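K.L.:
whatever this is, show me its structure:
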Amino acid sequence: MHRKFIALIVATAIAITGVSVSQARAADARDILGGLAAIALISAGVHYYNKEKEKERASRNRAPVYKAKPDPSYYPMRPLPGRVAKYDLPQKCLRTFDRYSAKRPLLGPGCLKKHYKHVKSLPQECKVGFWNGKKVKRAYEPACLRQKGYRVVYQ
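P.N.:
Down below sits the predicted model:
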């Protein structure tokens with residue numbers, strides 16, 4: 001409907017311009033320039049209208065995008081692949097050692113050997129030693145392991 005209406009206006013403008021050009025004399029340059037300006041305005045309006053319609057069609061064809069935040073309390077029911085589970089350290093191995101620090105827990109190597117099968121792959125620079133009164137005990141610093149990509153999780 002709109003295209004037919006615009007085509008009618010353009011055809012009328014061209015016809016009027018043609019009539020005025022045929023009757024034009026050298027003094028009627030203003031009429032000729034006015035007709036050409038009218039055609040230019042109408043064609044610019046048609047071009048703008050077509051662009052808006054294309055944008056409308058393109059936005060209708062696009063699928064809506066939903067940005068949902070993942071639920072942090074979600075734990076997958078199936079076991080994680082080995083390459084991912086390798087970085088999950090058991091929380092039950094966290095304990096405080098009186099001779100090291102009462103406020104900073106460490107991951108005990110004995111517990112890790114029982115409950116974590118990738119102990120040999122843990123970075124050695126995260127292993128700390130401290131004197132317990134009888135001998136040097138070794139354990140892993142959770143903060144250091146966190147920097148290396150490991151995390152302590154409830155299992």
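
K.L.:
centre of the chain versus the longest strand along the chain, how much separation?
P.N.:
For the chain, the strand with the greatest residue count under DSSP state E is strand 101-107. Mean C-alpha position of strand 101-107 versus that of the full chain (Cα atoms, centre = their mean, to the nearest Å) differs by 38 Å.

K.L.:
which parts of the helix or strand following that strand are buried?
P.N.:
Once the chain leaves strand 101-107, the next helix or strand it forms, by DSSP states H and E, is helix 109-115. In terms of neighbour count (16 or more other Cβ atoms under 10 Å), helix 109-115 has its buried residues at 109, 111, 112. Heads up, the C-betas are built off the backbone N, CA and C, glycines and all.

K.L.:
closest to residue 48 among the residues you listed?
P.N.:
Each of these was scored against residue 48 by Cβ to Cβ, and residue 112 proved nearest at 69.5 Å.

K.L.:
let's see the pLDDT reported for residue 126.
P.N.:
At residue 126, the model reports a pLDDT of 90.

K.L.:
burial measure for it, as a count.
P.N.:
19 (other Cβ atoms under 10 Å).

K.L.:
name the nearest residue to it, ignoring sequence neighbours.
P.N.:
Nearest residue to residue 126 in three dimensions, chain neighbours excluded: residue 144, at 3.7 Å (Cβ to Cβ, 6 or more residues apart in numbering).

K.L.:
before we move on, what about residue 97?
P.N.:
Spatial nearest neighbour of residue 97, excluding adjacent residues (Cβ to Cβ, 6+ apart): residue 106 at 6.1 Å.

K.L.:
does that neighbour touch residue 141 like I think?
P.N.:
Yes: the criterion here is Cβ atoms under 8 Å, and residue 106 meets it with residue 141 at 6.5 Å.

K.L.:
quick one, which of those two is more surrounded?
P.N.:
Neighbour count, other Cβ under 10 Å: between residue 106 and residue 141, residue 106 has more, with 22 against 18.
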